[in-house]
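*Asks:* what follows is a predicted structure for the sequence shown.
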Amino acid sequence: MPKILVTRRTFPEAAEKLRASGAEVVIWDGADSPTHDDLVAAVADVDGLYAHITNAVDAEVMDAAPNLKVITEFGVGYDNVDVAAANARGIAVCNTPGVLSESTADEAFALLAAMARRTYDLPQIVKRGEWGDFDPLGYLATDIHHKTLGIVGMGRIGSEVAKRAAGFNMNVLYFNRNRRDEEFGATYVDSLGELLERSDFVSLHNPLNAETTGMMGAAQFKLMKKSAVLINTTRGPVVDQDALYDALSSGEIAGAALDVTVPEPLPADNPLLTLDNCLIMPHVASATGDTRMKMAMMCVENVLAGVAGDWPPYCVNQAEISGNARIKAQGSVRSQRSP
């Protein structure tokens with residue numbers, strides 16, 4: 001009987017489907033995610049790991065789980081998983097692509113609109129009883145229509161943001177590693193610098209890797225318009241938060257809205273939380289009932305396929321494992337472990 005560890009609570013329907021497979025299913029029931037030491041201890045006899053962004057699944061975790069065949073990540077990004085270590089050990093790594101693209105794009109555009117039309121701060125004035133007489137120069141916000149949106153990373157989510165921007169008659173630029181065949185009305189620019197200089201709003205949708213860590217720093221903020229707003233719904237480390245604080249507090253840029261930060265949760269004494277021009281959400285871009293249910297079911301499909309010795313439907317490293325001669329000779333995913 002295979003054993004599956006789920007590192008956070010999940011939907012009852014997902015838990016039922018896992019158990020209906022005949023597997024032994026352990027769902028972490030702590031108030032918080034397991035610590036790294038907790039995870040190392042918990043995986044000793046598991047065949048499948050259903051992990052989350054707060055779990056650092058590194059070589060130490062994998063070596064503590066000699067039976068581990070599959071790791072499924074609850075999300076699109078899987079930078080918390082050491083894929084190279086998984087490749088060397090013949091462990092399938094999976095994610096949940098596509099399903100959360102529209103929900104994340106919805107939130108990115110909602111953050112843009114909140115910053116532009118000041119729906120994040122003006123309601124507080126009303127609640128405090130400070131709504132004064134009509135002032136034609138008071139409470140001024142920014143138009144969205146006919147402004148320029150710069151999208152960094154034109155993958156599934158970035159493309160969905162471009163579609164939404166078209167409905168608001170925005171001028172959309174995008175910077176991507178490669179020019180897209182389908183551009184959704186956006187215009188390609190061949191440098192991040194040009195995009196930053198021209199954009200009224202900058203929305204980040206690039207993956208987190210060594211190249212993009214700290215990509216938005218002091219030099220980049222200096223390139224942006226003083227009236228510009230930064231939106232980040234990708235990963236916190238893409239933005240240098242100290243440099244962002246300086247840019248926001250000095251008026252170098254007008255505002256920022258972040259769904260992701262470093263660390264997460266963000267401590268209550270973080271300087272960014274003292275700024276009126278910074279809106280921070282608790283990493284909830286995919287957090288709708290419909291989307292999270294779909295993500296959970298995709299994780300179930302991934303982990304059940306992997307523990308059964310089949311290729312999971314949303315495997316990100318199949319080519320790397322298949323190309324490993326030492327592993328390939330051993331057969332299916334079930335037995336694809338380095339000697």
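*Replies:* Looks like it arrived, so ask away. Keep in mind the model is a prediction, meaning the values are calculated, not measured.

*Asks:* only C-alpha atoms from now on, for both contacts and neighbour counts.
*Replies:* Noted.

*Asks:* in stretch 209-221, what's buried?
*Replies:* 213-218, 221 (16 or more other Cα atoms under 10 Å).

*Asks:* now flag whichever of these is closest to A116.
*Replies:* The closest of the buried residues of stretch 209-221 to A116 turns out to be F221 (Cα to Cα; 18.2 Å).

*Asks:* residue contacts, that closest one?
*Replies:* F221 makes contact with 244, 247, 252-253, according to Cα atoms under 8 Å, 6 or more residues apart in numbering.

*Asks:* same thing with S159?
*Replies:* Neighbouring residues of S159 by Cα under 8 Å, 6+ apart: 183-184.

*Asks:* of all the buried residues of stretch 209-221, which two lie farthest apart?
*Replies:* The two members of the buried residues of stretch 209-221 with the most space between them (Cα to Cα) are T213 and F221, at 15.1 Å.

*Asks:* circling back to that earlier point, closest to D181 among the contacts of F221?
*Replies:* Of all the contacts of F221, the one with the least separation from D181 (Cα to Cα) is I253, at 32.2 Å.

*Asks:* follow-up on the earlier one: in strands only, show me the buried residues of stretch 209-221.
*Replies:* With strands taken from DSSP state E, there is no overlap with those.

*Asks:* how about the secondary structure of V161?
*Replies:* Under the three-state scheme (DSSP: H, G, I helix; E, B strand; the rest coil), V161 adopts helix.

*Asks:* let me know whether it touches A108 as I believe.
*Replies:* Yes. The pair V161 and A108 qualifies as a contact (Cα atoms under 8 Å) at a distance of 7.3 Å.

*Asks:* show the contacting residues for the most centrally placed residue in the chain.
*Replies:* Taking Cα atoms, centre = their mean as the criterion, T234 is the residue nearest the geometric centre of the chain, at 4.3 Å. T234 makes contacts with 204-208, 259-260, as judged by Cα under 8 Å, 6+ apart.

*Asks:* try G158
*Replies:* Shown in contact with G158 (Cα under 8 Å, 6+ apart): 105, 151-152, 204-205.

*Asks:* for the residues you listed, which one is nearest N87?
*Replies:* When the contacts of G158 are compared for distance to N87 (Cα to Cα), H205 comes out closest, at 26.0 Å.

*Asks:* tell me, how many residues neighbour that closest one?
*Replies:* By other Cα atoms under 10 Å, the residues close to H205 number 26.

*Asks:* what do you get for P267?
*Replies:* Using other Cα under 10 Å, P267 has 11 neighbouring residues.

*Asks:* over to E130?
*Replies:* By the criterion of other Cα under 10 Å, E130 has 10 neighbours.

*Asks:* in which helix or strand does it reside?
*Replies:* Under the criterion of DSSP states H and E, E130 resides outside all helices and strands.

*Asks:* contact partners for it?
*Replies:* Neighbouring residues of E130 by Cα under 8 Å, 6+ apart: there are none.
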